[in-house]
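Undergrad: Have a look at this fold, sequence not included:
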């Protein structure tokens, strides 16, 4: 077996790949947060709860309505996006002019309510969700056994993250979006419906969390607290990447997945803390984050 | 004004005398049971609100009064935090006349609560916690540890596997007191029976992704992966093991699996796994009869071993209060230890000197999908383990007050 400095390289490559898979989840979730913060300046603490909601909706769709995984992957994010639009329209917009703290507390409250309701309805033990038949099984790589579903997670997350980045940074629609948040009065003067853009952006950012939730349902336990446990890590990732930097959130998400994966290999006890350690170091050296612009 | 003060004083004094006279009977004219537990967190399903229901059922079945005084049940959420748990316990015994606490789930909380209760010379009925410390190093004359403990789990699950030829073990351990205790005890059982430990990882509580650890276990060359964790951590680890094809190459042993956890797992993944439990609702007519009544009150949710243990311990406590003619902790505990514990939950049970309730444990297997007749049909009972074989011997525990004399 190939070794380098006493480290089994085969085992190491397996860990790198596994880290990348986790990183894909982080990327999807932090991308949603970064869009919402970067374009709307809302710190959305309900993002984790929406991720949880995505997994639960996928479970409910399958068990109550017979809607399979593939349909859920498209339908659930749409439903969650619509819920987010209602939340934005009726709860967040009335406090839009206030300090950031208000929207932070509001979304945090929404998260607690959702988590409490689902604990009440479904208990805290979690629910089973099967891997779709098309993606069950796995491929034998030289250094590890790669379950097909995990490979699918990387591929689909990269596609979704990449196209979102491209739309926001490279297209006319994205330019409207960015301009609308930079100077809303001017944009409205040009006849662009800025409130509508704001609402849709919020809906899309949250829908990304719902999408990640559906993606997570077959591999992680579908439970009410799945969102709160991942949310803090994802916030740390957004801070490391630079608040509001779209590309930064994606790259940092993937990178932190790998960093965490390597920690799990070399010193598992620290794996829950390592991302926060990175955050502290980054904030000390570059307060705006790795990809953030200095204010 | 002066007169009034005098009157008040006189009334207070006469009341105090009355209370003094009654000290042998029921204090404060009420027997109050405090149910403490995780009401909304990770352990809410295996204990929590279900334990409150179970304790209330015991009180109702007992008749609602003892020695002519009413029995009251109060409950609180300890949020799995030791400081929260101990301050509730202190408030209960100091200000609210609580006579006994049933509950506290996380072993860390139970440890803090039993200290408060011991200082107040009041009994703690431990129905859901796993650590065996409460009847060994941290034992107390006021502890009654009811349902199960880590030693019984390790003896029941690990021993038959090691003697059956599964000799090399890899541990995935929750990185806190409970996980460490379980790993330590299981390691002892493995070594004593000729097995060996080929590796292990300590994983922070609440980890979602176990794929990295499963890969490490896979390359360790072990025969068995032992999961020394609980709840969602255990479910996630097992799911990942199945996904990475590990379950086809090696065995996975869940060291602490509640019925509710097994229910949360796809039978295709968990089917066939063996584990140890203190109670299963579908064991015989007695367990089914009690569980049916419990389920009617819990929207059809099945009881865990902790729920059944909460009922059994409360019933035994109330019987002891009646027999002792008082709710004073020491006298009640003496009666509890004198009387055998025999009910739907406990078979051949007795409360040992050190506070360990020794009773028969069950070795069960998680049923495969084709064996299941309903969503609640989860375990097949393989073997009954005699209480004295399952739990740690009194002489090996090192509980000082129980070993003296």
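TA: The structure has been received and is ready for your questions. These numbers were taken from a predicted model, which means no experiment stands behind them.
Undergrad: list the contacts for the residue nearest to residue A:289 when sequence neighbours are not counted?
TA: Take residue A:289 and drop its neighbours on the chain: the residue closest to it by Cβ to Cβ, 6 or more residues apart in numbering or on different chains is residue A:242, 2.9 Å away. The C-beta positions use only the backbone N, C-alpha and C, and glycine is treated the same way. Residue A:242 makes contact with A:248, A:288-293, according to Cβ atoms under 8 Å, 6 or more residues apart in numbering or on different chains.
Undergrad: Please identify the helix or strand for residue B:197.
TA: Per DSSP states H and E, residue B:197 falls inside strand B:196-203.
Undergrad: on that earlier part again, okay, the residue nearest to residue A:289: pLDDT?
TA: At residue A:242, the pLDDT value in this model is 85.
Undergrad: Could you report the distance from it to residue A:71?
TA: Distance of residue A:242 to residue A:71, given as Cβ to Cβ, to the nearest Å: 36 Å.
Undergrad: cool, and residue A:13?
TA: Taking Cβ to Cβ, one finds residue A:13 at 35 Å from residue A:71.
Undergrad: got the residue ranges for the helices in the stretch 1-150 of chain B?
TA: B:2-22, B:48-62, B:82-95, B:107-119, B:150-163 (DSSP state H, counting those that start in this stretch).
Undergrad: With distance to chain A and mean neighbour count as added columns, please give the ones you listed in TSV.
TA: Listed next are the helices of the stretch 1-150 of chain B as TSV, based on distance: least, Cβ to the nearest Cβ, whole Å; neighbours: other Cβ atoms under 10 Å in any protein chain shown:
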stretch	distance to chain A	mean neighbour count
helix B:2-22	42	10
helix B:48-62	8	22
helix B:82-95	18	19
helix B:107-119	16	22
helix B:150-163	18	23
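Undergrad: Quick one: these as a markdown table, columns for mean pLDDT too.
TA: Shown next, in a markdown table, are these (pLDDT from 0 to 100):
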| stretch | mean pLDDT |
| --- | --- |
| helix B:2-22 | 50 |
| helix B:48-62 | 95 |
| helix B:82-95 | 94 |
| helix B:107-119 | 93 |
| helix B:150-163 | 92 |
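Undergrad: can you list those in a markdown table and add distance to residue A:153?
TA: Listed next are the helices of the stretch 1-150 of chain B as a markdown table, based on distance: least, Cβ to Cβ, whole Å:
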| stretch | distance to residue A:153 |
| --- | --- |
| helix B:2-22 | 67 |
| helix B:48-62 | 33 |
| helix B:82-95 | 38 |
| helix B:107-119 | 35 |
| helix B:150-163 | 33 |
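Undergrad: got the residues of the stretch 51-200 of chain A near chain B?
TA: A:116, A:119, A:123-128, A:130-131, A:138, A:144-145, A:147, A:149-150 (Cβ under 8 Å from any Cβ of the partner chain).
Undergrad: Need the buried ones from the residues you listed selected in ChimeraX.
TA: Selecting only the buried members of those in ChimeraX, with burial defined as 16 or more other Cβ atoms under 10 Å in any protein chain shown, works like this:
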select /A:119,123,124,125,126,127,128,131,138,144,145,147,149,150
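Undergrad: Filter the residues of the stretch 51-200 of chain A next to chain B down to just the ones in strands.
TA: Using DSSP state E, A:138, A:145, A:147 are the members of those that sit in strands.
Undergrad: Among those residues, which one sits closest to residue A:259?
TA: Among these, residue A:147 lies closest to residue A:259 (Cβ to Cβ), at 22.2 Å.
Undergrad: so what's the closest one up against?
TA: Neighbours of residue A:147 in contact, by Cβ under 8 Å, 6+ apart: A:131, A:137-138, B:243-245.
Undergrad: how does it look with 6 Å?
TA: A:138, B:243-244 (Cβ atoms under 6 Å, 6 or more residues apart in numbering or on different chains).
Undergrad: Next: residue A:93.
TA: Residue A:93 neighbours (Cβ under 6 Å, 6+ apart): none.
Undergrad: 10 Å instead?
TA: A:87, A:103, A:195, A:198-199, A:202 (Cβ atoms under 10 Å, 6 or more residues apart in numbering or on different chains).
Undergrad: And residue B:106, how close does it get to residue A:172?
TA: 55 Å.
Undergrad: Those two - which one has more neighbours?
TA: For residue B:106 and residue A:172, the more surrounded residue by other Cβ atoms under 10 Å in any protein chain shown is residue B:106, and the numbers stand at 28 against 8.
Undergrad: in what helix or strand does residue A:158 lie?
TA: helix A:148-170.
Undergrad: Check which helices and strands that helix sits against.
TA: Under the contact definition 3 or more Cβ pairs under 10 Å, 6 or more residues apart in numbering or on different chains; DSSP states H and E, helix A:148-170 sits against helix A:9-40, strand A:138-140, helix A:172-182, helix A:194-216, helix A:246-266, helix B:231-243.
Undergrad: Now the most centrally placed residue in chain B: phi and psi?
TA: The residue lying closest to the centre of chain B (Cα atoms, centre = their mean) is residue B:128, at 2.1 Å. Backbone torsions of residue B:128, given as degrees, to the nearest 10, read phi -130, psi -20.
Undergrad: Quick check: it touching residue B:103?
TA: Yes - using Cβ atoms under 10 Å, residue B:128 and residue B:103 qualify as a contacting pair, with a distance of 6.6 Å.
Undergrad: still on that earlier bit, redo the contacts of residue A:147 as TSV? Include pLDDT and distance to residue A:179.
TA: Listed next are the contacts of residue A:147 as TSV, based on pLDDT from 0 to 100; distance: Cβ to Cβ, whole Å:
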residue	pLDDT	distance to residue A:179
A:138	84	46
B:243	86	45
B:244	86	47
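Undergrad: Where is pLDDT lowest across the residues of the stretch 51-200 of chain A next to chain B?
TA: Ranking these by pLDDT puts residue A:125 at the bottom, with 73.
Undergrad: OK, contacts around residue 175?
TA: In the absence of a named chain, chain A is used. Residue A:175 neighbours (Cβ under 10 Å, 6+ apart): A:168-169.
Undergrad: Can you look at chain B instead?
TA: A:268-269, A:271-272, B:201-205, B:207, B:229.
Undergrad: mind redoing it with 8 Å?
TA: Residue B:175 touches A:268-269, B:202-205, counting by Cβ under 8 Å, 6+ apart.
Undergrad: do residue A:118 as well
TA: Contacts of residue A:118 by Cβ under 8 Å, 6+ apart are A:52-53, A:56, A:224.
Undergrad: who wins for neighbours among the contacts of residue A:242?
TA: Counting by other Cβ under 10 Å, top hit in these: residue A:248 with 25 neighbours.
Undergrad: Does that one touch residue A:291 like I think?
TA: Yes - here residue A:248 lies in contact with residue A:291, judged by Cβ atoms under 8 Å, at a distance of 2.8 Å.
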